[in-house]
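Trainee: Just need the structure, nothing else, for what follows:
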Amino acid sequence: MDIGFMRETLLTLLTGLPLTIELAVTSILAGSVLALVIALIAVMGGTIGRTLTGAYVFVFRGSPLLVQMFLIYYGLGQFRYGLQDLGVWWFFREPCWCAVLALTLNTAAYCSEIFRGGLQAVSMQQVEAARACGMSGILLFRRIILPVAIRHALPAYGNEIILMVKATALASVITIMEVTGLAGKLIADSFRAFEIFIVAGAIYLAINFVVTRMLMVVEFWLSPHLRMPPNPTT
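Mentor: All right, here's what the predicted structure looks like:
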């Protein structure tokens, strides 16, 4: 392996790192908000809510993310004039926004199931104890249900965040020059795929290393009972 070439490749690929992080952060935040809404509808929306959310989750979990990205970017492009009449063509003509939309809708489907499981994991004893203390409505949800649900859902949610960071690599197929897109361009110019993909993989490993450490801090912060010193033996 040519270390000098790999150093130059690293400098080139790092120019696409801000776009990769932007895609990941935007889609994760938007997808989490949408997923929480879907999870609440699934838990409290009755039969109709469960049916609608179940259909959404089935479609976006059951079809490949790459196909969803193609449908949004290339497929909706066939309806350009209709989208112009609706005033949303400015959104769908930009590959970056189409990638964010595809990533958001996809991760929302997975995260909604994670959040639904977390909400259903909150024991009725905790809810009844909070009500006995005078909590109800939004206060009960904010102080008791949501923190406990997040604590239960965090390990699986952390895995989904890592998967979404890696899924941003698919944005390169719709002409976005993030890390993987730049790697593909370098390979087309130099035909040195091994060194380039080694460097690209190392960048994604570094990002996910930071993400996992941040998740560990959040999990530690949300679990105060794990920080309590053990009771002295008698």
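
Trainee: Could I get the full set of helices for this protein?
Mentor: Along the chain, the segments classed as helices by DSSP state H run 3-14, 17-44, 46-62, 65-70, 80-86, 89-92, 95-120, 124-132, 137-140, 146-167, 179-190, 193-222.

Trainee: Determine which stretch of the ones you listed is the most buried.
Mentor: helix 95-120 (a mean of 22; mean count of other Cβ atoms under 10 Å). C-beta coordinates here come from the backbone N, C-alpha and C atoms, glycine included.

Trainee: just to revisit the earlier point, how about JSON lines for the helices of the chain, with distance to residue 173 and mean pLDDT added?
Mentor: Formatted as JSON lines, these follow (distance: least, Cβ to Cβ, whole Å; pLDDT from 0 to 100):
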{"stretch": "helix 3-14", "distance to residue 173": "17", "mean pLDDT": "91"}
{"stretch": "helix 17-44", "distance to residue 173": "13", "mean pLDDT": "93"}
{"stretch": "helix 46-62", "distance to residue 173": "18", "mean pLDDT": "92"}
{"stretch": "helix 65-70", "distance to residue 173": "7", "mean pLDDT": "94"}
{"stretch": "helix 80-86", "distance to residue 173": "20", "mean pLDDT": "90"}
{"stretch": "helix 89-92", "distance to residue 173": "16", "mean pLDDT": "92"}
{"stretch": "helix 95-120", "distance to residue 173": "9", "mean pLDDT": "93"}
{"stretch": "helix 124-132", "distance to residue 173": "46", "mean pLDDT": "79"}
{"stretch": "helix 137-140", "distance to residue 173": "43", "mean pLDDT": "77"}
{"stretch": "helix 146-167", "distance to residue 173": "12", "mean pLDDT": "89"}
{"stretch": "helix 179-190", "distance to residue 173": "9", "mean pLDDT": "92"}
{"stretch": "helix 193-222", "distance to residue 173": "15", "mean pLDDT": "91"}
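
Trainee: how about residue 207, what does it touch?
Mentor: Residue 207 makes contact with 17, 20-21, 24, 165, according to Cβ atoms under 8 Å, 6 or more residues apart in numbering.

Trainee: right, and out of these, which lies closest to residue 64?
Mentor: residue 165 (17.8 Å; Cβ to Cβ).

Trainee: From what I see, that closest one and residue 205 are in contact.
Mentor: No. Using Cβ atoms under 8 Å, residue 165 is not in contact with residue 205; the gap is 10.4 Å.

Trainee: quick one, what contacts the residue positioned nearest the centre of the chain?
Mentor: Nearest to the mean C-alpha position of the chain, counting by Cα atoms, centre = their mean, stands residue 28 at 3.5 Å. By Cβ under 8 Å, 6+ apart, the contact set of residue 28 is 107, 161, 164.

Trainee: returning to what we had before: any chance of the contacts of residue 207 in TSV with distance to residue 74 as columns?
Mentor: As requested, the contacts of residue 207 are arranged in TSV below (distance: Cβ to Cβ, whole Å):
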residue	distance to residue 74
17	26
20	22
21	25
24	22
165	24
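
Trainee: Farthest pair within those residues?
Mentor: For the contacts of residue 207, the maximum inter-member distance is 11.4 Å, found between 17 and 165 (Cβ to Cβ).

Trainee: ok, back up a step: can I get the contacts of residue 28 in CSV with distance to residue 183?
Mentor: Below are the contacts of residue 28 laid out as CSV (distance: Cβ to Cβ, whole Å):
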residue, distance to residue 183
107, 23
161, 22
164, 19
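
Trainee: Which single one of those is nearest to residue 119?
Mentor: Closest to residue 119, out of all of the contacts of residue 28 and judged by Cβ to Cβ, is residue 107, at 17.8 Å.
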